[in-house]
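Novice: got a sequence here, can you model it:
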Amino acid sequence: MKLTWFGDDTFRIHAAGTIVLVDEGEGALPAVDRAELVSGAELFGGFAGWQVRDPVAWKPRTPLRMLEADEAMRRPEVVRLGPGVLVVDADGEAPLVLAQADFAAVGRWLGQAIVVLIGEGLAARGAALLERAAPRLIALAGSEMEVEAAFDALRDRLDGTGLIALERGLAVEV
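Specialist: Predicted structure coming up:
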């Protein structure tokens with residue numbers, strides 16, 4: 001899965017052969033052409049534009065069995081697990097959580113997830129997340145000051161969870 005953060009709440013995700021664009025319409029880098037940003041996106045919407053699911057009951061879809069799968073993969077499923085929290089569930093990929101706010105999702109799947117914390121309060125939100133689950137990776141999408149504070153607060157609590165900072169406009173393979 002390839003993840004590109006364009007600033008604020010704008011993300012372009014390449015997962016399972018599909019391009020997913022999460023965009024509120026105003027957060028992209030000024031130098032990014034809007035037509036280029038949406039080009040090729042098959043699934044797109046803002047944080048409020050996806051189907052809502054119960055954050056406690058939701059879990060990733062069951063992988064297709066070899067007899068069920070054809071040469072084409074299923075489209076990723078994008079669901080909202082509460083205000084400001086999306087999950088991208090794509091075949092063959094870890095669940096990707098985009099979180100503008102705290103979220104109540106629980107379950108074993110969270111231990112395999114990639115969680116992107118967006119905006120402010122990254123240190124406190126990261127600490128709260130690590131108290132209830134140890135995701136595979138936490139990615140930070142915020143100001144330099146927020147990211148620095150989060151690294152200082154979280155580095156000794158990770159216990160096997162990866163921690164990275166996202167840079168605007170730079171694609172990362174996760």
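Novice: rest of the way, CA atoms for contacts and neighbours
Specialist: Will do.
Novice: residues contacting residue 133?
Specialist: 106, 110, 111 (C-alpha atoms under 8 Å, 6 or more residues apart in numbering).
Novice: contacting residues for the first one?
Specialist: Residue 106 makes contacts with 55, 56, 132, 133, as judged by C-alpha under 8 Å, 6+ apart.
Novice: make sure it is indeed in a strand.
Specialist: No - assigned with DSSP: H, G, I helix; E, B strand; the rest coil, residue 106 falls outside any strand and is coil.
Novice: I'd like the distance between it and residue 6.
Specialist: 28 Å (C-alpha to C-alpha, to the nearest Å).
Novice: hey, where'd the helices end up in this structure?
Specialist: For the chain, the helices defined by DSSP state H occupy 34-38, 122-132, 144-154.
Novice: at which residues are the strands of this protein located?
Specialist: Counting by DSSP state E, the chain has these strands, from start to end: 2-7, 10-15, 18-22, 43-45, 51-52, 77-80, 85-89, 96-99, 114-118, 137-141, 162-165, 171-173.
Novice: note down every partner strand of the last one and its orientation.
Specialist: Strand 171-173 has the following strand partners under DSSP bridges: strand 2-7 (antiparallel).
Novice: pull the distance from the partner strand to the chain's centre.
Specialist: Distance of strand 2-7 from the chain centroid (C-alpha atoms, centre = their mean, to the nearest Å) equals 10 Å.
Novice: neighbouring contacts of it?
Specialist: Contacts of strand 2-7 (C-alpha under 8 Å, 6+ apart): 11-15, 27-29, 141, 166-174.
Novice: my guess is residue 162 contacts residue 137, does it?
Specialist: Yes - between residue 162 and residue 137 there is a contact at 4.4 Å, judged by C-alpha atoms under 8 Å.
Novice: neighbour count: those two, which is higher?
Specialist: Neighbour tally, residue 162 and residue 137, criterion other C-alpha atoms under 10 Å: the higher count belongs to residue 137, 21 against 14.
Novice: show me the contacts for the more buried one.
Specialist: Per C-alpha under 8 Å, 6+ apart, neighbours of residue 137: 113, 114, 115, 161, 162, 163, 164.
Novice: mind giving me the PyMOL select for the residues you listed, buried ones only?
Specialist: Buried subset of the contacts of residue 137, written as a PyMOL selection, criterion 16 or more other C-alpha atoms under 10 Å:
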select buried, resi 113+114+115+161+163
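Novice: and the contacts of residue 137, which two are furthest apart?
Specialist: Between any two of those, the greatest separation by C-alpha to C-alpha is 14.0 Å, found for 113 and 164.
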